[in-house]
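Undergrad: Pasting the sequence and the predicted model now:
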Amino acid sequence: MRDKKKKAREIPSRHVLYAIVLLCMLMIGATWILGNTNPVTDLIANGIIPMQTGLNELGGTLAEQLENLRTLQAAQEENRLLKEELAVLRSENSRLQEEHYELERLRELLGLQDEYSQYTMTAARIIHKDSGNWYHSFLIDKGSADGILEGCNVLAGGAEGGLVGIVTSVGENYARVRAIIDDTSHVGGTLLIGENGISCVVSGDLRLMTEEEQLRVDYIDKDITVEDGTKVLTSNLSSEYLPNILIGYVQGVAIGSDNLQQSGYLVPAVKFDNLREVMVILDRKVTETAGGGE
């Protein structure tokens, strides 16, 4: 009995399909007979069309947002690539600038070889300097294995190039240089005045270098008129320094308080705040240095 009732309640799927087809045919017929203003079409229009319009707008908005997202991602990737390219270009530019500066310094060193062609020279790099703003004492990367000995004079390039200092100690592959700006340095000089020149002594002074970028010049004959800018070269009378090497230019020479000699200041020909390479003259004034003095 129960099986019969259950079978009676079950509706075959084909009957459902027939019913849907029939309903569609009735709706089509009603639309054809009554036109576009029948209640069925109004129901469809009022219910489905606004929904479709909303879906179309939502779809358009989503499509626009997706396109904006793709554009943003593409711009971000392009920006990343441009940053990487900029970093590479900056690195390359820095390298080229450094090579340019090094080339200029090497040209200055070659100019020194032309200026002092009577001497045998070798180029060296500065590998360490003592504390402070100035290269008043430093190490170079060449030593006795390269023919460098104590007492060798050291030059550097610049506008004209000139004297840096003297080698005070030597290892096999390094050497220490004491610059003329060091407080312990004293160099016998010659002012280029007249045919024979006027003797003087150039003394290092780190305090004066820090304040004025100058050294002291003393022991100048009081009867000599010395104009600012007069060149000072190393003297033939110096016991350590080879002759006729440019030291710098005098300024403010005047008679001292003792009224016996004149003193003044000297602007070095070499810039001692940014030395990189130097030229070492392998010829020496004496075979054994006295370790100081003129």
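TA: Everything's here; your move.
Undergrad: the strands in the chain, which residues?
TA: Remark: strands assigned in the chain by DSSP state E are 121-129, 137-140, 153-156, 162-170, 175-179, 186-191, 198-203, 215-221, 231-234, 246-255, 261-268, 277-281.
Undergrad: Show me which positions of the first one end up buried.
TA: This points to strand 121-129. Buried residues in strand 121-129, counting neighbours by 16 or more other CB atoms under 10 Å, are found at M121, A123, A124, I126, K129. Glycine gets a C-beta too; all of them are placed from N, C-alpha and C.
Undergrad: could those be laid out in a markdown table, adding distance to D205 and pLDDT?
TA: Shown next, in a markdown table, are the buried residues of strand 121-129 (distance: CB to CB, whole Å; pLDDT from 0 to 100):
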| residue | distance to D205 | pLDDT |
| --- | --- | --- |
| M121 | 28 | 93 |
| A123 | 29 | 92 |
| A124 | 26 | 94 |
| I126 | 22 | 95 |
| K129 | 18 | 93 |
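Undergrad: I'd like the residues you listed laid out as a markdown table, including distance to L89.
TA: Shown next, in a markdown table, are the buried residues of strand 121-129 (distance: CB to CB, whole Å):
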| residue | distance to L89 |
| --- | --- |
| M121 | 38 |
| A123 | 31 |
| A124 | 33 |
| I126 | 30 |
| K129 | 32 |
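Undergrad: that older thread, most tightly surrounded among the strands of the chain?
TA: Using mean count of other CB atoms under 10 Å, the stretch among the strands of the chain with the largest mean neighbour count is strand 153-156, at a mean of 26.
Undergrad: Listing partners with orientation, what would you give for it?
TA: Paired neighbours of strand 153-156 in the sheet (DSSP bridges): strand 162-170 (antiparallel), strand 277-281 (antiparallel).
Undergrad: can I get the ones you listed in a markdown table with mean pLDDT and distance to L242?
TA: Shown next, in a markdown table, are the strands paired with strand 153-156 (pLDDT from 0 to 100; distance: least, CB to CB, whole Å):
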| stretch | mean pLDDT | distance to L242 |
| --- | --- | --- |
| strand 162-170 | 96 | 9 |
| strand 277-281 | 94 | 6 |
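Undergrad: neighbouring contacts of stretch 220-227?
TA: Contact with stretch 220-227 is made by 191, 193, 198-200, 250, 253, 255, 259-264, as judged by CB atoms under 8 Å, 6 or more residues apart in numbering.
Undergrad: before we move on, the earlier item: for the strands of the chain, give me a markdown table that also has distance to E92.
TA: Listed next are the strands of the chain as a markdown table, based on distance: least, CB to CB, whole Å:
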| stretch | distance to E92 |
| --- | --- |
| strand 121-129 | 23 |
| strand 137-140 | 30 |
| strand 153-156 | 29 |
| strand 162-170 | 33 |
| strand 175-179 | 34 |
| strand 186-191 | 43 |
| strand 198-203 | 44 |
| strand 215-221 | 41 |
| strand 231-234 | 42 |
| strand 246-255 | 37 |
| strand 261-268 | 35 |
| strand 277-281 | 23 |
